[in-house]
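A.B. asks: Got a predicted structure here, sequence first:
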Amino acid sequence: MRNTLLKMLAALMCTLATCADVMPVKDFNLEMMAGKWYLVGFATNAQWFVNHKASMKSGVAQLSPTEGGDLDLSYSKLNADGTCWRMTHLARKTETPGRFTFHSQAWNNDNDMRIVDVVYNDYALVHTIKTKDGVSEVLNKLYSRTPETSAVLQQKFTQYSLDTGILADNIAILPKNAECPAP
């Protein structure tokens, strides 16, 4: 128990030190982010994820730039019982291209989201610092334009997540899932 606690504390300290320096990708192009993305990788040390990761499957994100330079985020995931889980956010642009902020009504947290690596017709690696009640946690997501990703891309995501303080056990490549029907 003590070793586990020490590992978690070390990971948290590493995460907090690392996250402050995470910068979005250079030459970010908001318009090229538009469209359908599959959420295929998920990594965080957050306790809710540790408790639920075994049952998680891939989902779909629809990203839509606004005229003002913000980013509409619409998520959907087909549940095991056939129902659909859906969530939307308006991510507001910041002075730094590729960096957005939003408040999640569903989770009551503030989110500082950065697109840290992207090949617009292939994948996007998104690093988000989620803060609730003064406590911050890192969430890394791997998005793909297709439901599957290469072993090379999965390894890149895994290494990035380790480098940002995520424990190896808390990095998941999500199994494929059917899509929700259009609303």
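C.D. replies: Now that the structure is in, tell me what you want to look at.

A.B. asks: Need the nearest residue in space to L142, chain neighbours excluded.
C.D. replies: G41 (2.9 Å; C-beta to C-beta, 6 or more residues apart in numbering). Glycine gets a C-beta too; all of them are placed from N, C-alpha and C.

A.B. asks: what bridges to the residue nearest the centre of the chain?
C.D. replies: When C-alpha atoms, centre = their mean is applied to the chain, the residue found nearest the centroid is K141 (2.9 Å). Judged by DSSP bridges, the bridge partners of K141 are F42, V126.

A.B. asks: Pull the contacting residues for it.
C.D. replies: Counting by C-beta atoms under 8 Å, 6 or more residues apart in numbering, K141 makes contact with L39, G41, F42, A43, L125, V126, T128.

A.B. asks: now those residues as CSV including pLDDT?
C.D. replies: Below are the contacts of K141 laid out as CSV (pLDDT from 0 to 100):
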residue, pLDDT
L39, 98
G41, 98
F42, 97
A43, 98
L125, 98
V126, 98
T128, 98
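
A.B. asks: gap between T149 and G59?
C.D. replies: Noted for T149: a distance of 14 Å to G59, by C-beta to C-beta, to the nearest Å.
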